[in-house]
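J.: Have a look at this prediction, sequence included:
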Amino acid sequence: MNKDSTLYWSHLAAFEACPRKFLWMKGWDGIDLGHGPGHPMPRPEQDSKHHAVMGIAIQYAVEKMYNDELYRDPANLLRVMLQIGEKEFARQEAKPWNKIDYGKAQMSREDMLDIVRDGITGYLSTMKAHRFLGPYAKAEVNLLGWIDKWNPIGGRADTIVRRDDTGVTIIDGKNTKHKMKYTDPDQLRWYALLFKLAYRQMPDRLAYVWYRFPHGKKTLDEEGSEIIETGVEWVDFDEDDLKGLAQRALDAKKKMMRGKFDPTPTPKTCRFCDFESICDARQEQRAANSAKRRAKREIKEISGADGFVELKL
């Protein structure tokens, strides 16, 4: 990347989490990481991509349903979408960069295909319940906007639907098992910012669609009580949210241009980073944390379980 590159949400999220992670993932013009100026750092290891492959397969079936207007044949819609999802799973599975560790995934290939099938079936239930169809309904929509004449930003929305009664809805599908635990609502607000910059109007609604928690499914909440899923998580947003995101993008780009790529390791970020094993900052942090835990154990052993010792003379 360089100063003229279009900034995407994944770039901003990576940079804000850890500037070094961003640099090593994307590279930066004029910086040599040992593989030529501007080139990214080759990943020393690759985590199992089973979650990504399942999500891609589900989303591809959803994409074809919208963009090829498969919904115009409702009698065969589910059957065709399931065929598309299974075929896409096999295609993604065969890519060399999509390593799947079935042991780490703790599920078989057939188990994964069942999740893909359930995700596709569930999306149709959610789509019907929330009427995610309209005069305009497209998937994998490229959006590009300019914050100012020097700073383009971009993204690809999973689905955009326009209806006369609900207006414009931007949807992002997720195959997560934990709903909002690893999901940042600013991702959807980023798409809203792009839509506003591109079309000079605000979208009306933003929604995450949970492939594993479709509309009508019975599950248990955190207290163990039975609930009926709605299939969606609506994300609030306003003009100030979008202005704040635009400023964050400008601030990040300025730091990139100044070569500010210092590491900011945290367990939350590093656990999902392919470079954790070769990052000296992370290894030093882990060693320091280990030393602190060891010191606490030693103090506890010397002073007693509650930190005090009763002396009897």
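T.: Cool, the structure landed.

J.: how much space between the most centrally placed residue in the chain and residue 296?
T.: For the chain, the residue nearest the mean C-alpha position is residue 183 (6.1 Å; CA atoms, centre = their mean). Using CB to CB, to the nearest Å, residue 183 is found at 34 Å from residue 296. No exception for glycine: its C-beta is placed from N, CA and C like everyone else's.

J.: Please work out how many residues are found near residue 296.
T.: 10 (other CB atoms under 10 Å).

J.: is it fair to say it lies in a strand?
T.: No - counting by DSSP: H, G, I helix; E, B strand; the rest coil, residue 296 falls outside a strand, being helix.

J.: show me what contacts it?
T.: Not one residue lies near residue 296 by CB atoms under 8 Å, 6 or more residues apart in numbering.

J.: pLDDT at it, what is it?
T.: For residue 296, the pLDDT comes out at 76.

J.: Determine the number of other residues adjacent to residue 279.
T.: 21.

J.: Let me know whether it touches residue 20 as I believe.
T.: Yes - counting by CB atoms under 8 Å, residue 279 touches residue 20, with 6.9 Å between them.

J.: Quick check: neighbours shared by these two?
T.: Common neighbours of residue 279 and residue 20 (CB under 8 Å, 6+ apart) are residue 263.

J.: residue ranges of the strands in the stretch 151-300 of the chain, please?
T.: Secondary structure of the stretch 151-300 of the chain by DSSP state E, counting those that start in this stretch: the strands cover 151-163, 167-174, 205-210, 218-220, 226-228, 232-234.

J.: Need the winner for burial among the ones you listed.
T.: strand 205-210 (a mean of 23; mean count of other CB atoms under 10 Å).

J.: Pull the distance from the helix or strand harbouring residue 127 to the chain's centre.
T.: Here residue 127, judged by DSSP states H and E, is contained in helix 109-130. The chain centroid and the centroid of helix 109-130 are separated by 19 Å, computed with CA atoms, centre = their mean, to the nearest Å.

J.: Pull the residues that contact it.
T.: Under CB under 8 Å, 6+ apart, the answer for helix 109-130 is 50, 53-55, 57-58, 61-62, 77-78, 81-82, 85-86, 89, 93, 102, 105, 132-133, 173, 175, 207, 209-217, 230-232.

J.: Kindly report the same for stretch 47-63.
T.: 81-82, 84-86, 88-89, 92-93, 97-102, 104-105, 107, 112, 115-116, 119-120, 123, 139-140, 158-159, 173-176, 211, 272, 274.

J.: cool, and stretch 225-238?
T.: 122, 125-126, 129-130, 179-180, 183, 185, 188-189, 192, 205-210, 213-221.

J.: where does the stretch 151-300 of the chain have low pLDDT?
T.: For the stretch 151-300 of the chain, no stretch has pLDDT under 70.

J.: can you give me the helices for it?
T.: 186-199, 239-257, 267-270, 280-303 (DSSP state H, counting those that start in this stretch).

J.: roughly how far out does the last one sit from the chain middle?
T.: It refers to helix 280-303. 32 Å.

J.: ditto for the second one
T.: Its chain's C-alpha centre lies 19 Å from the corresponding centre of helix 239-257 when counted by CA atoms, centre = their mean.

J.: in it, what counts as buried?
T.: Buried residues in helix 239-257, counted by 16 or more other CB atoms under 10 Å: 241-242, 245-246, 249-250, 252-253, 255-256.

J.: what does the longest one give?
T.: Within helix 280-303, the residues that qualify as buried by neighbour count (16+ other CB under 10 Å) are 282, 285.

J.: now swap in stretch 171-191 and tell me
T.: Result for stretch 171-191 [16+ other CB under 10 Å]: buried residues 171-176, 183, 185-191.

J.: can you check stretch 95-109 too?
T.: For stretch 95-109, a neighbour-count test (16+ other CB under 10 Å) marks 98, 100, 105 as buried.

J.: from the chain's centre, how far out does it sit?
T.: Distance, centroid of stretch 95-109 to centroid of chain: 19 Å (CA atoms, centre = their mean).

J.: hang on, the earlier thing: against residue 165, how distant is the residue nearest to the centre of the chain?
T.: 27 Å.

J.: follow-up on the earlier one: which SSE is immediately downstream of the helix holding residue 127?
T.: strand 136-148.
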